[in-house]
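Chemist: Pasting a predicted model and its sequence here:
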Amino acid sequence: MATRKKSGRKYGKAAGKRVESAMKRRKKGTLRSGRGGKGGKVKSRKQAIAIGLSEARKKGAKVPSKRKSSGGRKKTGGRRKRASKRK
């Protein structure tokens, strides 16, 4: 019979507390994005979770490292040129 690998927690308790705190601040309307909370008000649930995990990571809680973003599509600056209509 194969032995099952015992898996521990992916996120520590402290990380959960940080996320919980961020969610409460979002509900209250005091959670802000950006460095030093100088950005806009956070309305998204996912963004609140991300902020909570980021704070936990800074404090040294057990949180998996951020996923590296795949190359994907690049945003290009400037406008697209339209084909002008000729008569």
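Modeler: Sure, I can see it. None of these values were measured; they are calculated from a predicted model.
Chemist: Quickly find the element holding the residue positioned nearest the centre of the chain.
Modeler: For the chain, the residue nearest the mean C-alpha position is Ala50 (3.0 Å; C-alpha atoms, centre = their mean). Element membership of Ala50 [criterion: DSSP states H and E] is helix 45-59.
Chemist: how about that helix: buried residues?
Modeler: Ala48, Ala50, Ile51, Gly52, Leu53, Glu55, Ala56, Arg57 (16 or more other C-beta atoms under 10 Å). Backbone N, C-alpha and C define where each C-beta goes, glycine included.
Chemist: Could you export those residues as JSON lines, including distance to Val42 and pLDDT?
Modeler: Formatted as JSON lines, those follow (distance: C-beta to C-beta, whole Å; pLDDT from 0 to 100):
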{"residue": "Ala48", "distance to Val42": "6", "pLDDT": "94"}
{"residue": "Ala50", "distance to Val42": "9", "pLDDT": "93"}
{"residue": "Ile51", "distance to Val42": "7", "pLDDT": "92"}
{"residue": "Gly52", "distance to Val42": "10", "pLDDT": "93"}
{"residue": "Leu53", "distance to Val42": "13", "pLDDT": "92"}
{"residue": "Glu55", "distance to Val42": "13", "pLDDT": "91"}
{"residue": "Ala56", "distance to Val42": "16", "pLDDT": "92"}
{"residue": "Arg57", "distance to Val42": "17", "pLDDT": "91"}
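Chemist: Which of these sits closest to Ser69?
Modeler: Ala50 (12.9 Å; C-beta to C-beta).
Chemist: which residues of the chain score low on pLDDT?
Modeler: Residue ranges of the chain with pLDDT under 70: 1, 4, 71-83, 87.
Chemist: Do a quick rundown of the helices in it.
Modeler: Assigned by DSSP state H, the chain shows helices spanning 13-28, 45-59.
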